[in-house]
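Chemist: I would like to see how this sequence folds:
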Amino acid sequence: MKTKYFAAIDVGSYELSCKIFQFSAKTGMKEIDSVNYRLDLGSESFANGKISKEKVDELCTVLNSFKAVMDTYKVEEYKAYGTSAIREMENKLILLDHIHQRTGIRVEEISNSEQRFLNYKAIASKGEEFNRIIEKGTAILDIGGGSIQISLFEKNSLIATQNMKLGVLRLEESIKHLASNNLNFERLLEEMINTQLSVFKKLYLKDREIRNLIVVDDYVSAVIKHVYPEIDKKGFVERKKFLDKMKEMQIKNRADVAKQLRIGEENVPLLRISSQLIKSALEFLGAEYLWVPGVTLCDGIAYDYAESNKWIKPAHNFEEDIIACAKNISKRYQGSKRRGETLEQICLTIFDSMKKVHGLVKRERLLLQIATLLHDCGKYLNMVSVGECSYHVVMNTEIIGLSHLEREMVAN
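Modeler: Numbering: from 1, shown residues only. Prediction:
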């Protein structure tokens, strides 16, 4: 395999990122450059469903500068994805076409489940470390600008995942007009987060024991080594140490925190919100250890691209996680396990024996398999119109790793 250069671009709610990767037989996947630019698209998008002309101009200017970096490295291929800020825009199709005309970069909108799956792949790129941790009860807390995603693992298998609209920008926008002082800010923030996490705990945790919490975010991950000089290279820290340090940071003013962590003062409120989300998650889940691997969406984009081109060997069986997730959804809605397994065997046997006729690929086989597992989940709601209710259950239940279109195919 000859050396290839690839660029991963993340048009995030709060920051634009571009990472240049090198793929070769000798080094595998290697990051060689990274460029970040702070641009708050989320606040306007979440509040108004669109962004101002000035923000669009700034966005195009930054993407053109990314393109210049890509040209410097003679990048052959790239992937650019827009996350929650793009997803929630009313005029996103016009905006994405406008960006392409002005920059030559085609930004694709990805669904929440696809975005979280790429972040999950970024963590899995850490290899043996990730596989070792998820043998015991583990949760991934993926913090974005618009929402968070909590995914639970047990015995190397994904057992549940849930999205909640508790992203740092959304929370900041919600409470900045209500909190008159620092004390009110912390109290209101904790109350808003804990209300939704308590529902998550009732639905998914029950008697489950969660030992580790893995965090993916743009705020705490970037500064954690300044806060914990004793943290090991792999990014592990004990729960008590994290909570003690967070309490210490809360009583300091914004300027002192910014100076200590070498960040801009405008970033401090978002850092505090992200820290509070981690604190609340640790308390509700009962996790003893925190792992901050320091990966971003760009790492997941590059890993996914390399894996699909068979330049690297998968560190984990991701399809099994999607299937495990579907089985747990079926179980939650009291689907028939025996009937589902029988239908799965019949359908997949027909699919495999007719490959030359239908010409469908492995991905379509996976969608069919998920459909067989979830075929009767609607009887939990209504035993008369099972098909229609199953459709609505699937369309309103996130299946990590599937796009909105794929979820619609499964539902139909």
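
Chemist: Can you get me a residue count around residue 345?
Modeler: 11 (other CB atoms under 10 Å). The way it works is simple: take the backbone N, C-alpha and C, and place the C-beta from them, glycine included.

Chemist: Chain neighbours aside, what residue packs nearest to residue 314?
Modeler: Nearest non-adjacent residue to residue 314, counting by CB to CB, 6 or more residues apart in numbering: residue 307, 5.6 Å away.

Chemist: Tell me the backbone dihedrals of the one you found, please.
Modeler: phi -70, psi -40 (degrees, to the nearest 10).

Chemist: can you tell me how far it sits from residue 316?
Modeler: To residue 316, residue 307 is 10 Å away according to CB to CB, to the nearest Å.

Chemist: what do you get for residue 22?
Modeler: From residue 22 to residue 316 the distance is 23 Å (CB to CB).

Chemist: which residues touch residue 150?
Modeler: 139, 140, 141, 142, 161, 162, 164, 200, 281 (CB atoms under 8 Å, 6 or more residues apart in numbering).

Chemist: Just give me the closest of the residues you listed to residue 394.
Modeler: For these, the residue nearest residue 394 by CB to CB is residue 161; the value is 14.6 Å.

Chemist: What is the neighbour count of residue 131?
Modeler: Using other CB under 10 Å, residue 131 is surrounded by 13 other residues.

Chemist: Check the closest residue to residue 212 other than its chain neighbours and give its pLDDT.
Modeler: Nearest non-adjacent residue to residue 212, counting by CB to CB, 6+ apart: residue 138, 4.4 Å away. The model reports residue 138 with a pLDDT of 92.

Chemist: wait, doesn't residue 138 sit right on residue 153?
Modeler: Yes: Residue 138 is within contact range of residue 153, at 4.5 Å (criterion: CB atoms under 8 Å).

Chemist: which one of the two has more residues nearby?
Modeler: Of the pair residue 138 and residue 153, residue 153 is the one with more neighbours under other CB under 10 Å, namely 25 against 22.

Chemist: Regarding the more buried one, what is its secondary structure?
Modeler: strand (DSSP: H, G, I helix; E, B strand; the rest coil).

Chemist: the helices in the stretch 251-400 of the chain, which residues?
Modeler: 254-261, 268-285, 297-308, 318-332, 337-353, 355-358, 362-373, 386-395 (DSSP state H, counting those that start in this stretch).

Chemist: I'd like to know which of those helices lies nearest to residue 76.
Modeler: Here helix 297-308 is closest among the helices of the stretch 251-400 of the chain (CB to CB), at 11.3 Å.

Chemist: contacts for stretch 404-412?
Modeler: 111, 113, 367, 370-371, 374, 390-392, 394-395, 399, 402.

Chemist: So what's the gap between it and the chain middle?
Modeler: Distance of stretch 404-412 from the chain centroid (CA atoms, centre = their mean, to the nearest Å) equals 20 Å.

Chemist: Could you list the buried residues of it?
Modeler: Along stretch 404-412, these residues count as buried under the neighbour rule (16 or more other CB atoms under 10 Å): 404, 406, 407, 409, 410, 411.

Chemist: repeat for stretch 309-321
Modeler: For stretch 309-321, the neighbour count (16+ other CB under 10 Å) marks 311, 315, 316, 318, 321 as buried.

Chemist: okay, how far is it across it, tip to tip?
Modeler: 21 Å (CA to CA, to the nearest Å).

Chemist: Report the two of the contacts of stretch 404-412 separated the most.
Modeler: Taking CB to CB, no two of the contacts of stretch 404-412 sit farther apart than 111 and 390, at 20.3 Å.

Chemist: Which of the two has more residues huddled nearby?
Modeler: Neighbours were tallied for residue 111 and for residue 390 using other CB under 10 Å; the higher tally belongs to residue 390 (24 against 18).

Chemist: ok, the more buried one - contacts?
Modeler: With contact taken as CB under 8 Å, 6+ apart, residue 390 is in contact with 374, 375, 376, 377, 378, 379, 411.
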